[in-house]
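Student: curious how this folds, go ahead:
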Amino acid sequence: MNKEFIIALEEIEKEKGISVDILLEALEAALISAYRKNFSTPQNVRVSISQETGDIRVFAQKAVVEEVTDSRMELSLEEAREIRRDYEIGDVVEDEVTPRDFGRIAAQTAKQVVVQRIREAERNIVYEEFSSRESDVMNGIVQRTENGNIFIDFGKTEGMLPVAEQIPYENYRNGDRIKVYIVEVKKANKGPQIIISRTHPGLLKRLFELEVPEIHDGTVEIKNVSREAGARSKIAVWSADPNVDPVGSCVGQKGSRVQRIVDELGGEKIDIIAWDEDPRVFVANALSPARVLDIFINHRLSAARVVVPDNQLSLAIGKEGQNARLAAKLSGWKIDIKSESQAAELNDFVEDDPEEIQESAAALESFVDEPSSEGEQVGENEPLEIPPVTEEGEDGEDEPEN
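Tutor: You can find the predicted model right below:
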């Protein structure tokens, strides 16, 4: 070793951010192992590397004991005091045993240690950088496909997009630039393993935070998100500022803001819902684009029975129950949807069949609403007045996103 080696380590410290002290410490430990392996000795040894000159020295260490049982590891007090008179029992005596050709062994070991430490440091730097970005969105470039899993290049490392986290029917071609949600970052032998997603509800939330300044600065708050990736999503938003329209802020002028998110998600439809602390209003909004006539709420069961116009039933339920399912997930309420005629038939059936009155009454009782501010039960005399949620669409068809 020489001064040039120390200068090289200092350059590595500047470029890679790895301390010279850490490199020298690792090198000393590796040289101890190399010395024992090459010279077949069980001795305790210490390796010292001068940070000024790069010189390497090896010292054999022997413990000072009252009675020597292994002369290779121990030294009597009398022998130790022949070397230096102030040695006591328990002290360690060092004797330099640097081999003549140890420089060659040291050079080979140094190369291996430095390369290994550089790799470990780079992996740790990448891990620290990406672990702090869990639950965040990143841009990446589609690199390759292996067993259905897509690998996305982030520059310093790559992330894996498992089959289960891919949007159905979305095509990923090499070189495509996409946004992904970082689900988890784990340490692995070959570097950090980054699991990413295109289906996670957090991706939709983060995209709105990036696209809508009012969400980013806290003026508009995202209350909840429900998503069936690739098909449809619902997002509930709210603002404490009465002068701010949370839905309009997310939609943007002529739908520009939400359209950019729709394009990023491959055409996924997005319903932007106004959150309300009144569960009846919120459930009605969540069922958009269907129009709701009446709602019965049971707080104990977290259940809601919703009455919609006959021509809105299929729209409220949605294709394969998708709209009702997303609304239930968004609002946190179990939702039972009835058409106006079904609700009327149920009332007629209870009145006309005395044998079924008790059973039907018990079923309906669980959905009896709490008294309104006027002391009336919802549905007793007048239908619930619910603000219009969205324009009425064609029966059974999905409306375009807000």
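Student: got a pLDDT number for Asp55?
Tutor: For Asp55, the pLDDT comes out at 81.
Student: wait, doesn't it sit right on Ile49?
Tutor: Yes. With contacts counted by C-beta atoms under 8 Å, Asp55 reaches Ile49, the gap being 7.4 Å. Every residue, glycine included, has its C-beta placed from N, CA and C.
Student: compare the two (neighbour count), which wins?
Tutor: Ile49 (21 against 14; other C-beta atoms under 10 Å).
Student: which residues in the stretch 51-200 of the chain form strands?
Tutor: Assigned strands in the stretch 51-200 of the chain, in chain order: 56-65, 74-76, 92-96, 137-146, 149-153, 158-161, 177-186, 193-197 (criterion: DSSP state E, counting those that start in this stretch).
Student: would you mind checking the average pLDDT for the second one?
Tutor: Yep, that's strand 74-76 we're talking about. Averaged across strand 74-76, the pLDDT comes to 85.
Student: partner strands of that strand, with direction?
Tutor: Using DSSP bridges, the strands paired with strand 74-76 in its sheet are strand 56-65 (parallel).
Student: what comes up buried for the partner strand?
Tutor: By neighbour count with 16 or more other C-beta atoms under 10 Å, strand 56-65 contains the buried residues 56, 58-60, 62-65.
Student: out of the strands of the stretch 51-200 of the chain, which is closest to Val113?
Tutor: strand 56-65 (12.7 Å; C-beta to C-beta).
Student: so what touches the closest one?
Tutor: Residues outside strand 56-65 that contact it (C-beta atoms under 8 Å, 6 or more residues apart in numbering): 1, 31, 35, 43-50, 72-77, 80, 87-99, 102-103, 106.
Student: among these, name the buried ones.
Tutor: Buried among the contacts of strand 56-65 (16+ other C-beta under 10 Å): 1, 31, 35, 43-45, 47, 49, 74-77, 80, 87, 93-94, 97-98, 102, 106.
Student: out of those residues, which are inside helices?
Tutor: 31, 35, 77, 80, 102, 106 (DSSP state H).
Student: chain neighbours aside, what residue packs nearest to the first one?
Tutor: So the one you mean is Leu31. The shortest distance from Leu31 to any non-neighbouring residue, by C-beta to C-beta, 6 or more residues apart in numbering, is to Val47 (4.4 Å).
Student: going along the chain, name the strands of the stretch 251-400 of the chain.
Tutor: 269-274, 294-298, 303-308, 334-339.
Student: against which helices or strands is the second one packed?
Tutor: This points to strand 294-298. Applying 3 or more C-beta pairs under 8 Å, 6 or more residues apart in numbering; DSSP states H and E, one finds that strand 294-298 contacts helix 279-286, strand 303-308.
Student: what is the burial count for Glu11?
Tutor: 11.
Student: tell me the secondary structure for it?
Tutor: State at Glu11, reduced to three classes by DSSP: H, G, I helix; E, B strand; the rest coil: helix.
Student: per-residue pLDDT of it, please?
Tutor: If you check Glu11, the pLDDT there is 85.
Student: Asp86 too?
Tutor: Value for Asp86, per-residue pLDDT: 85.
Student: distance-wise, check it relative to Ala80.
Tutor: Using C-beta to C-beta, to the nearest Å, one gets 10 Å for the distance from Asp86 to Ala80.
Student: kindly report the same for Gln108.
Tutor: Gln108 is 35 Å from Ala80, by C-beta to C-beta.
Student: next: Leu287.
Tutor: Leu287 is 89 Å from Ala80, by C-beta to C-beta.
Student: tell me who's in contact with the residue nearest to Ile167 when sequence neighbours are not counted.
Tutor: Once flanking residues are discounted, Ile167 sits nearest to Gly230: 4.2 Å by C-beta to C-beta, 6+ apart. Neighbouring residues of Gly230 by C-beta under 8 Å, 6+ apart: 167-170, 199, 265-266, 268.
Student: quick one on the thing from earlier: rebuild the helices and strands packed on strand 294-298 as JSON lines, extending it with mean pLDDT and mean neighbour count.
Tutor: Shown next, in JSON lines, are those (pLDDT from 0 to 100; neighbours: other C-beta atoms under 10 Å):
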{"stretch": "helix 279-286", "mean pLDDT": "94", "mean neighbour count": "24"}
{"stretch": "strand 303-308", "mean pLDDT": "90", "mean neighbour count": "24"}
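Student: tell me which of the ones you listed sits nearest to Ile125.
Tutor: helix 279-286 (44.5 Å).
Student: packing partners for that closest one?
Tutor: Short answer (3+ C-beta pairs under 8 Å, 6+ apart): helix 279-286 packs on strand 232-239, strand 269-274, strand 294-298, strand 303-308, helix 322-331.
Student: still on that earlier bit, okay if I get the strands of the stretch 51-200 of the chain as a markdown table plus distance to Gly255?
Tutor: Listed next are the strands of the stretch 51-200 of the chain as a markdown table, based on distance: least, C-beta to C-beta, whole Å:
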| stretch | distance to Gly255 |
| --- | --- |
| strand 56-65 | 70 |
| strand 74-76 | 84 |
| strand 92-96 | 78 |
| strand 137-146 | 21 |
| strand 149-153 | 29 |
| strand 158-161 | 29 |
| strand 177-186 | 20 |
| strand 193-197 | 26 |
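Student: for those, which one sits closest to Ile261?
Tutor: Nearest to Ile261, of the strands of the stretch 51-200 of the chain and by C-beta to C-beta, is strand 177-186 at 9.8 Å.
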